[in-house]
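Return a 3D structure for these sequence lines:
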Amino acid sequence: MNRRTVLAAATGALLLSACTGTGGSSQGAEAKAADDPSKVSGTITVLTHRTDLVQDGTMKKYATEFNKTYPEVKVEFDAITDYEGEVKIRMNTENYGDVLMIPAVIEKKDYPRFFASLGSQAERSEKYRFTDYTTVDGKVYGQSPLGAVPGFIYNKKVWQQAGVTDWPTTPAEFLDDLKAIRSKTDAIPYYTNFKDMWPLTQWTQVNGSVSCDEQATTKLAEGDPWAEGADVRTADTLLYDIVHEGLVEKDPTTTNWEASKPRLAKGEIATMWLGSWAVIQMQGAAKQAGTDPDDIGFMPFPAQKDGTFCATAQPDYNQAVNIHSDHKEAARAWLDWFTDKSGYAADNLALSPLKSAPLPTIMKPYEETGVRILDLDDTKGAEVKSIDNQSEIGIYKPDYRQDLVDLARGATKGDLDDFLDDLGRKWTETQQSLGS
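Model prediction:
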């Protein structure tokens, strides 16, 4: 797959029909870890969005390694291309695999209806990142096997040709650097990926980086994301300025995500705001194009707090155990092994969910320069999504940023401050109506 759902979010509430058998003893059921791996048995089905890894045999290799510890468990994979669309339909029944990635459309408050508890948040948070994202009433219902950190993917050779060797520390410096790239190289300074739409949602991941605040999500629930100085307003203002200054492709409506990867690798494009998940794809494109994968760089958002860059850790899909599974122990064994032992995060050059694990090699520059990695408190993440859905703004969707880009390039008329202030008004009015 080309994009990480770590960078997508709930697209609205799904009114699933009542699942039979979710009441009574099944409520609050736990998938407990096995004491003796040799006694765990059963055939489990793992639903996955990673169709590529099933097709190329990678998932089968993971299962073979898993069987060295759990020889009596048979793992079968069901790879689904339209994962969100198909799984949300299956979840109207009890037949949605034994292990699955939690669809973004399922509301957090409904997790206990569909998934077995993995244990208390207080205990699991000591070992794992991202536990807040699936915690309901103190219990955790899912675990992401990997994470990512947002940042600018850039071609180091192009930036060096423009005379830029240090990371910019302010949005103004970043704009100056892009202007230097425009004047001194043939590369497109910044590529919007406007037509594919979803890359524009990545700009929301700036939230927390500017303020260096682990409570950034809570502030979305309680405040105005587009208030003066707020992280999201800072991000949207920079995107507007990049486009307004003509530092992007000539016609954003003709962008192409797949084609952009080899173009960045070859130096035809200088910069894109995505995340650490994209580095391995750009390096792969460089190898195919016959260029040096080491030319692919990764830098944080141009803002510092007390002289320090910050970046937020974002989970990918969270893996969970079906509350209706007949083999919860085997399913839990797979989930734990895949999280702790498989090497899946390292294989994808991704951030490990294990707090004790080292940063992936692609993030060595972050480590060497002291970038602070924040684990955001997602306690009020569900409230944020409710406000977003009710207000119809789409802070996790591409539409309003497409409108922002159109405004910046003159395709529509209007004023940036009015545009952002209107978003803030809609957001805060919705907060009030929901009692947030």
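
distance of the closest residue to S209 other than its chain neighbours from G307?
In space, and not counting its chain neighbours, S209 is closest to F301: 4.6 Å by C-beta to C-beta, 6 or more residues apart in numbering. For glycine as for every other residue, the C-beta is placed from the backbone atoms N, C-alpha and C. Distance, F301 to G307, by C-beta to C-beta, to the nearest Å: 15 Å.

Show me which of those two is the more surrounded one.
Taking neighbours as other C-beta atoms under 10 Å, F301 and G307 compare with F301 leading, 27 against 7.

did I read that right, that one in a helix?
No: remark: F301 does not belong to a helix; assigned using DSSP: H, G, I helix; E, B strand; the rest coil, it is coil.

any idea of the pLDDT on it?
Among the per-residue scores, F301 shows a pLDDT of 98.

I'd say it and S211 touch.
No: between F301 and S211 there is no contact under C-beta atoms under 8 Å: 11.0 Å.

What does the residue nearest to S209 show for phi and psi?
Torsion angles at F301 (phi, psi; degrees, to the nearest 10) stand at phi -60, psi 140.

Quick one: residues contacting it.
Counting by C-beta atoms under 8 Å, 6 or more residues apart in numbering, F301 touches 150-152, 206, 209-210, 235, 309, 311.

Mind checking which of those land in helices?
Those of these mapping onto helices are A235, per DSSP state H.

I'd like the contacts of F301 laid out as a markdown table, including distance to I387 and neighbour count.
Shown next, in a markdown table, are the contacts of F301 (distance: C-beta to C-beta, whole Å; neighbours: other C-beta atoms under 10 Å):
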| residue | distance to I387 | neighbour count |
| --- | --- | --- |
| P150 | 21 | 28 |
| G151 | 27 | 28 |
| F152 | 28 | 20 |
| V206 | 18 | 26 |
| S209 | 21 | 28 |
| V210 | 20 | 23 |
| A235 | 18 | 25 |
| F309 | 29 | 22 |
| A311 | 24 | 26 |
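
Just send the contacts of F301 back as CSV, with pLDDT and distance to K109 too.
Shown next, in CSV, are the contacts of F301 (pLDDT from 0 to 100; distance: C-beta to C-beta, whole Å):
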residue, pLDDT, distance to K109
P150, 95, 27
G151, 96, 32
F152, 97, 35
V206, 97, 27
S209, 97, 28
V210, 97, 30
A235, 98, 29
F309, 98, 35
A311, 96, 29
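
how about the helix or strand bottoming out on mean pLDDT in the chain: buried residues?
Using mean pLDDT, DSSP states H and E, helix 364-368 stands out as the lowest-scoring helix or strand of the chain, at a mean of 90. Buried residues in helix 364-368, counted by 16 or more other C-beta atoms under 10 Å: 365-366.

Ok, stretch 173-182 next?
Neighbour-count burial for stretch 173-182, counted by 16+ other C-beta under 10 Å, picks out 174-175, 177-178, 180-182.

same thing with stretch 32-44?
Of the residues in stretch 32-44, 34, 37, 40, 42, 44 count as buried by neighbour count, 16+ other C-beta under 10 Å.

Which members of those residues define the maximum pairwise distance?
Distance extremes for those: the farthest pair is P37 and I44 at 14.2 Å, using C-beta to C-beta.

got the CA positions of the lengthiest helix in the chain in CSV?
Counting residues, the longest helix found in the chain (DSSP H) is helix 416-434. Output in CSV follows, covering the C-alpha atoms of helix 416-434 (Å, rounded to 0.1, in the frame of the first residue of the first chain):
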residue,chain,number,x,y,z
LEU,A,416,-6.7,33.9,4.4
ASP,A,417,-7.6,35.3,7.8
ASP,A,418,-11.3,35.2,7.0
PHE,A,419,-11.0,31.7,5.7
LEU,A,420,-9.2,30.4,8.9
ASP,A,421,-11.4,32.5,11.3
ASP,A,422,-14.5,31.0,9.7
LEU,A,423,-13.2,27.5,10.3
GLY,A,424,-12.5,28.5,14.0
ARG,A,425,-16.0,29.9,14.3
LYS,A,426,-17.7,26.7,13.0
TRP,A,427,-15.5,24.6,15.3
THR,A,428,-16.1,26.5,18.5
GLU,A,429,-19.8,26.8,17.8
THR,A,430,-20.0,23.0,17.4
GLN,A,431,-18.0,22.5,20.6
GLN,A,432,-20.6,24.6,22.4
SER,A,433,-23.5,22.7,20.9
LEU,A,434,-22.0,19.4,21.9
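
Give me the contacts around it.
Applying C-beta under 8 Å, 6+ apart, the external contacts of helix 416-434 come out as 221-227, 233, 236-237, 240, 383, 386-387, 390-393, 400, 403-404, 407-408.

Give me the mean pLDDT for stretch 55-62.
Per-residue pLDDT over stretch 55-62 has a mean of 97.

Show me which parts of it are buried, residue by residue.
Within stretch 55-62, the residues scored as buried using 16+ other C-beta under 10 Å are 59, 62.

Kindly report the same for stretch 212-229.
Along stretch 212-229, these residues count as buried under the neighbour rule (16+ other C-beta under 10 Å): 212-213, 215-221, 224-227.

Okay, now that stretch: how far is its last residue from its first?
In terms of C-alpha to C-alpha, to the nearest Å, the two terminal residues of stretch 212-229 are separated by 13 Å.

where are the low-confidence patches of the chain?
Applying pLDDT under 70 to the chain picks out residues 1-28, 436.

Could you identify the helix or strand that succeeds the helix or strand hosting A320?
Assigned by DSSP states H and E, A320 belongs to strand 319-321. For strand 319-321, the following helix or strand on the C-terminal side (DSSP H and E) is helix 328-340.

elements contacting that following helix?
For helix 328-340, the elements it packs on are strand 42-48, helix 58-69, strand 73-79, strand 99-101, strand 319-321, judged by 3 or more C-beta pairs under 8 Å, 6 or more residues apart in numbering; DSSP states H and E.

how about Q143, phi and psi?
The phi and psi values for Q143, taken as degrees, to the nearest 10, are phi -140, psi 120.

gap between it and I393?
30 Å.

just V232 next, same as before
As judged by C-beta to C-beta, V232 and I393 stand 11 Å apart.

So these two - more neighbours on which side?
Per other C-beta under 10 Å, whichever of V232 and I393 has more neighbours is V232, with 25 against 20.

from what I can see that one touches G208, true?
No: V232 lies out of contact with G208 (C-beta under 8 Å); the separation is 9.9 Å.

Any idea how many residues pack against the closest residue to N256 other than its chain neighbours?
Nearest non-adjacent residue to N256, counting by C-beta to C-beta, 6+ apart: K195, 6.8 Å away. Using other C-beta under 10 Å, K195 has 15 other residues around it.
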